[in-house]
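1. Predicted model follows, preceded by the sequence.
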Amino acid sequence: MENDIFQLQYALDTFYFLVCGALVMWMAAGFAMLEAGLVRSKNTTEILTKNVALFAISCTMYMVCGYAIMYGGDYLLSGITGNGVEGAEEPATYAPSADFFFQVVFVATAMSIVSGAVAERMKLWAFLAFAVVMTGFIYPMEGSWTWGGNPVFGLYTLGDLGFLDFAGSGIVHMAGAAAALAGVLLLGARKGKYTADGKAVAIPGANLPLATLGTFILWLGWFGFNGGSVLATASVDSANSVAVVFMNTNAAAAGGLIGALLLAQILFGKADLTMALNGALAGLVAITAGPDTPSALEATVIGAIGGALVVGSILTLDKLKIDDPVGAISVHGVVGLFGLLVVPYTNADAKLTGQLIGALTIFGWVFVTSFAAWFVLKLVIGIRVSDEDEYNGVDLSECGMEAYPEFTNK
């Protein structure tokens with residue numbers, strides 16, 4: 001009887017893990033639609049190509065070396081079999097292959113964040129070359145120090161310092177934003193984005209319905225992102241935890257959208273849709289570090305603060321002439337940091353000093369190594385398209401086709 005119960009629990013937890021992984025994979029479609037909607041039509045094909053290609057590269061590199069770096073073990077040749085994680089006190093109640101699948105879609109999410117920030121002026125193959133480094137080495141290394149539980153360069157263990165990041169506000173989102181920031185600083189702003197006196201010029205996206213659809217897809221996928229991080233559902237306690245995480249994830253997204261929309265109305269006198277969309281995503285990022293402990297009201301407030309923060313951050317980055325076409329650095333970086341720092345207020349197991357050291361470790365590692373990788377690529381193959389190609393659109397220069405050929409003036 002006991003064995004039968006274990007097998008049922010194993011099957012249910014494995015199935016739940018796989019379904020949540022599939023939901024997170026669907027977030028790739030959300031990023032693709034969001035970014036395609038927020039760039040100009042002449043750059044749509046290239047942004048879509050980047051999103052589908054980075055997903056394939058992420059899956060392959062994490063299989064080849066990323067998972068082994070992050071968690072140890074030779075999974076490329078021997079396969080991912082058995083029951084449980086090596087060294088664990090108790091066997092896991094899900095298939096290790098399901099864990100690999102769930103982890104690999106997180107890697108792709110981190111890389112997707114980079115895509116939008118460098119849009120409209122980066123060479124396609126330079127971006128994909130960076131994706132190899134990011135998903136095969138940079139992300140797995142910081143993941144080994146956080147979720148992997150390994151000491152940072154043998155010096156200190158973040159878990160012992162009271163660092164907690166339930167589903168990746170820092171480990172995934174802030175890491176992706178740090179890599180994006182390094183690329184944007186070396187890449188420079190789009191032509192015409194800033195006037196001679198430093199004022200930002202609005203460059204509207206081509207398809208706001210598509211951007212809105214992308215936001216809803218991401219909102220849906222986030223239930224897998226946060227809910228799957230409970231790692232189980234086949235017991236009363238785990239099922240209750242999953243329900244709380246789903247509830248708080250949704251509440252934070254709603255709060256983030258309302259917070260951003262209200263602040264945009266106050267600042268601009270208009271209900272800015274793009275700020276509202278980024279506000280919903282900011283709420284989701286903010287709650288991701290700790291969706292398991294707040295009340296629904298607390299989650300809504302956390303999301304609302306995240307939504308307000310993202311509006312302020314986008315405006316600030318524009319003043320600093322840091323050109324991010326989709327607001328990825330603000331949504332995932334600034335709010336990702338906020339998400340980490342707010343965890344101790346709802347979870348006594350987290351320590352503010354531990355959260356600060358963890359955030360600094362993640363950002364420092366990813367930013368420095370990403371900057372080095374981008375710099376090498378800039379020297380070797382170049383990372384920015386020519387002025388002419390940027391003016392005509394990278395769809396033609398990088399992909400040889402247009403997303404909307406019927407509407408192009410000949």
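-> Now that the structure is in, tell me what you want to look at. Numbers count the residues shown, from 1 in each chain.
2. Can you report how many residues lie near the nearest residue to residue 265 once chain neighbours are set aside?
-> Distances taken as CB to CB, 6 or more residues apart in numbering put residue 271 closest to residue 265, at 5.6 Å, once the chain neighbours are dropped. C-beta coordinates here come from the backbone N, C-alpha and C atoms, glycine included. Look at residue 271: counted by other CB atoms under 10 Å, it has 11 neighbours.
3. Helix, strand, or coil at residue 271?
-> On the three-state scheme (DSSP: H, G, I helix; E, B strand; the rest coil), residue 271 is labelled coil.
4. Any figure for the gap between residue 24 and residue 221?
-> Separation of residue 24 from residue 221 (CB to CB, to the nearest Å): 6 Å.
5. what bits of the stretch 301-410 of the chain have low per-residue confidence?
-> 408-410 (pLDDT under 70).
6. Repeat the analysis, applying 50 as the threshold.
-> Within the stretch 301-410 of the chain, the ranges that satisfy pLDDT under 50 run 410.
7. Same question for the stretch 51-200 of the chain.
-> Applying pLDDT under 50 to the stretch 51-200 of the chain flags the ranges 77-79, 81-90.
8. Please report the distance of residue 305 from residue 323.
-> Distance from residue 305 to residue 323, counting by CB to CB: 26 Å.
9. Now residue 232: closest residue in space that isn't a chain neighbour?
-> Excluding the flanking residues, the one nearest residue 232 by CB to CB, 6+ apart is residue 238, at 4.0 Å.
10. could you give the mean pLDDT of whichever strand or helix holds that neighbour?
-> Assessed by DSSP states H and E, residue 238 sits inside helix 236-268. Averaged over helix 236-268, pLDDT sits at 97.
11. now stretch 243-254, how far from the centre of its chain.
-> Chain-centre distance of stretch 243-254: 18 Å, with CA atoms, centre = their mean, to the nearest Å.
12. And stretch 221-234, by the same measure?
-> 16 Å.
13. List the buried residues in that stretch.
-> Neighbour-count burial for stretch 221-234 flags 221-234 (criterion: 16 or more other CB atoms under 10 Å).
14. go on, stretch 171-189?
-> Across stretch 171-189, burial judged by 16+ other CB under 10 Å covers 171-184, 186-187, 189.
15. do the same with stretch 399-408
-> In stretch 399-408, counting by 16+ other CB under 10 Å, buried: 399, 402-403.
16. Helix or strand next in line after the helix holding residue 238, which one?
-> With elements assigned by DSSP H and E, the helix or strand that comes after helix 236-268 is helix 273-288.
17. what's that next one packed up against?
-> Other helices and strands packing on helix 273-288, by 3 or more CB pairs under 8 Å, 6 or more residues apart in numbering; DSSP states H and E, are helix 208-227, helix 236-268, helix 296-319, helix 335-342.
18. Counting by contacts, list what the second one packs against.
-> Spelled out, that is helix 236-268. Right, helix 236-268 is packed against helix 208-227, helix 273-288, helix 296-319 by 3+ CB pairs under 8 Å, 6+ apart.
19. if I read this right, residue 229 contacts residue 165, doesn't it?
-> No: using CB atoms under 8 Å, residue 229 makes no contact with residue 165, being 9.6 Å away.
20. can you pull the contacts of residue 391?
-> By CB atoms under 8 Å, 6 or more residues apart in numbering, residue 391 lies in contact with residue 191.
21. That one and residue 172, how far apart?
-> Separation of residue 391 from residue 172 (CB to CB): 35 Å.
22. longest helix of this structure?
-> As assigned by DSSP state H, the longest helix anywhere in the chain is helix 2-38.
23. okay, the angle between it and helix 236-268?
-> Angle of helix 2-38 versus helix 236-268, following axes from the mean of the first three to the mean of the last three CA atoms, to 10 degrees, is 10 degrees.
24. All set now, cheers.
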